[in-house]
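Colleague: Provided below for reference: sequence and predicted model.
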Amino acid sequence: MAVYRYRAGRHHYLVRGTVMVSERWQDVSLSGAVAISRVCRVYEILAVKVPGTKFKVKVVERSDGTFAAFPNVCLRAADGTPDGVAGLGATETEALEDALKWFMAELAKRDQCQPEDFEWSDPVDF
């Protein structure tokens, strides 16, 4: 049986006989899981106030086509609890810029930062 590939907009299809099978990652059967997202990129950001002078931001595409960006570090609130931020956007770049805007704004509010002012994500997550 012949197998044909074609693309229609953002959708990729395999045609086998008369049956079309979608190749979109958003269409994967979740087998009981609740949601799926795709990691687009992980960016390394240099910032002098951050211990080690760098941190990472992971950008994911959500199944609805929007994007979210998550820094691997957050600042601790006055009571010591982690106070994380995330960026949202219609594009990968918008989400990255939004995450950086929020994190850097929080960082700018602090005169001096000590290593204990930061909470880091598990390296396995990045």
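Modeller: That came through fine.
Colleague: residue 35 contacts residue 63, correct?
Modeller: Yes - counting by CB atoms under 8 Å, residue 63 is a contact partner of residue 35 at 6.3 Å. Just so you know, the C-beta spots here come from the backbone N, C-alpha and C atoms, and that holds for glycine as well.
Colleague: quick one: which of those two has more around it?
Modeller: Ranked by neighbour count (other CB atoms under 10 Å), residue 35 and residue 63 place residue 63 first, with 15 against 8.
Colleague: any idea how far the more buried one is from residue 38?
Modeller: Here the criterion is CB to CB, to the nearest Å. By it, residue 63 lies 8 Å from residue 38.
Colleague: burial count for residue 45?
Modeller: Residues contacting residue 45 under the criterion other CB under 10 Å number 18.
Colleague: sheet partners, orientation included, of the helix or strand harbouring it?
Modeller: According to DSSP states H and E, residue 45 maps onto strand 37-46. Using DSSP bridges, the strands paired with strand 37-46 are strand 54-62 (antiparallel).
Colleague: ok, now how distant is the nearest residue to residue 113 once chain neighbours are set aside from residue 68?
Modeller: Closest residue in space to residue 113, ignoring its immediate chain neighbours: residue 49 at 5.1 Å, by CB to CB, 6 or more residues apart in numbering. To residue 68, residue 49 is 24 Å away according to CB to CB.
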